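Chemist: just to be clear, the model below is a prediction. Sequence and coordinates:
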Amino acid sequence: MFPANDVFNTNWFRSDEKARASSALLAGSYFGPVIAPIVTVYIYQYFGWKAVFYIFGLIGIIIAGVWYVIARDYPEIHKLVNEQEKEYILEDREIVDTAKVRAAWSTFLKSYRFWALGLQYFVVLYTITFFLVWLPTYLLEDRGFSLGKMGFAASLPWLAILITVMTGDILSE
């Protein structure tokens, strides 16, 4: 998702808008877990556990369809972008034209920076997995939270991340 976000930001936003756009797209990936525990608990309690998968799957398909229509092309060839908006974007857009070459894996595998980045990514994914999977279980089983309270409490770390990401946008300008 993150490389695709970078390409989207490069194609659709001016250089002075990239930080805000990156923060908004990144924050969007953390907004889901803010509301998902509460919504999941509600769906589960009133419609059953299978309905959670069907409803979220349907919402995902709808969002993918809307995204395909709205944001799949460059702004200069998109049918929904008017000339004034197109000129505004293109006026200060930074696209670097580089040749595509094969990744130098032998160089990457010898680089400590490559491995440090991989370790950092592992830690991030481990933390995300903890908050998505184990925190709700911990709150229910070890702390004795009700489903409703667990849904709210499990969303709080994600709300903090969302606020931090949006604050980072302001600080980076």
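Modeler: Sure, I can see it.

Chemist: next helix or strand past the longest helix seen in the chain?
Modeler: Ranked by residue count, the top helix of the chain under DSSP state H comes out as helix 18-47. Following helix 18-47 in sequence order, the next helix or strand is helix 49-71 (DSSP states H and E).

Chemist: avg pLDDT for that following helix?
Modeler: Averaging pLDDT along helix 49-71 gives 92.

Chemist: list the buried residues for the longest helix of the chain?
Modeler: Within helix 18-47, the residues that count as buried by 16 or more other C-beta atoms under 10 Å are 18-27, 29-31, 33-34, 36-37, 39-41, 43. Quick note: C-beta positions are derived from backbone N, CA and C, even for glycine.

Chemist: one more: stretch 85-103?
Modeler: Using 16+ other C-beta under 10 Å as the test for burial, stretch 85-103 gives 89, 93.

Chemist: can you check stretch 154-172 too?
Modeler: For stretch 154-172, burial by neighbour count (16+ other C-beta under 10 Å) applies to 154, 155, 157, 158, 161, 162, 165, 166, 169.

Chemist: report the angle between the host helix or strand of the first one and helix 18-47.
Modeler: Meaning residue 154. Assigned by DSSP H and E, residue 154 belongs to helix 147-172. Here helix 147-172 points in a direction 170 degrees away from that of helix 18-47 (axes from the mean of the first three to the mean of the last three C-alpha atoms, to 10 degrees).

Chemist: and helix 147-172, what other elements does it pack with?
Modeler: With contacts defined as 3 or more C-beta pairs under 8 Å, 6 or more residues apart in numbering; DSSP states H and E, helix 147-172 has these neighbours: helix 18-47, helix 135-141.
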